[in-house]
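Novice: no FASTA, just this:
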């Protein structure tokens with residue numbers, strides 16, 4: 001008889017603790033505000049070099065690019081005669097970066113400009129007519 005009473009108390013205690021944790025979780029989900037990011041101002045650009053870039057020249061190009069205001073310092077990629085970099089488009093644009101880089105060094109390069117037929121092309125890899133996409137949008141709208 002006493003064992004049943006103890007099991008009953010333990011189950012009630014477990015139920016109350018679970019209910020409290022669920023209530024706290026629900027409160028946090030309801031009151032959470034969506035994060036605000038500054039990243040929408042980030043833009044990727046590229047410069048194509050006509051000659052091979054060796055490691056010494058790559059270091060020089062990276063240091064010259066890091067000195068330009070508006071570039072993020074940790075996002076400069078040098079591969080296969082191409083330099084890809086990220087910049088804040090509120091501070092600078094790819095034309096200014098290209099001009100400043102060419103002023104710092106005598107490079108045989110040209111700025112990559114996206115062709116007009118690709119400029120308006122949608123780049124989202126998810127099928128926006130799929131059930132999964134629509135479901136995730138509904139859930140996102142519910143919580144935001």
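Specialist: Perfect, I can see it now. Not measured: the values here are computed from a predicted model.

Novice: drop to CA atoms for contacts and neighbour counts, all remaining ones
Specialist: Will do.

Novice: list the contacts for residue 50?
Specialist: Listed by C-alpha atoms under 8 Å, 6 or more residues apart in numbering, the contact partners of residue 50 are 81, 108, 109, 110.

Novice: The second one reaches residue 47, doesn't it?
Specialist: Think residue 108. No - taking C-alpha atoms under 8 Å as the definition, residue 108 is not a contact partner of residue 47, at 10.3 Å.

Novice: Give me the more crowded residue out of those two.
Specialist: Looking at residue 108 and residue 47 with other C-alpha atoms under 10 Å, you find the greater number of neighbours at residue 47, namely 20 against 10.

Novice: Tell me which residues touch the closest residue to that one other than its chain neighbours, please.
Specialist: Once flanking residues are discounted, residue 47 sits nearest to residue 111: 4.6 Å by C-alpha to C-alpha, 6 or more residues apart in numbering. Counting by C-alpha under 8 Å, 6+ apart, residue 111 touches 46, 47, 48, 94, 95, 98.

Novice: I'd like those as TSV, with distance to residue 71 and pLDDT appended.
Specialist: Rendered in TSV, the data for the contacts of residue 111 read as follows (distance: C-alpha to C-alpha, whole Å; pLDDT from 0 to 100):
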residue	distance to residue 71	pLDDT
46	12	90
47	14	91
48	18	91
94	10	89
95	13	92
98	12	92
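
Novice: closest to residue 70 among those?
Specialist: Using C-alpha to C-alpha, residue 94 is the member of these that lies nearest residue 70, at 10.3 Å.

Novice: Which pLDDT value goes with the nearest residue to the closest one once chain neighbours are set aside?
Specialist: Excluding the flanking residues, the one nearest residue 94 by C-alpha to C-alpha, 6+ apart is residue 45, at 6.2 Å. In the predicted model, residue 45 carries a pLDDT score of 89.

Novice: neighbouring strands for the helix or strand encompassing residue 45, and are they parallel or not?
Specialist: Taking DSSP states H and E as the definition, one finds residue 45 inside strand 42-49. Sheet neighbours of strand 42-49, with direction, are listed as strand 82-88 (antiparallel), strand 109-111 (antiparallel) (DSSP bridges).
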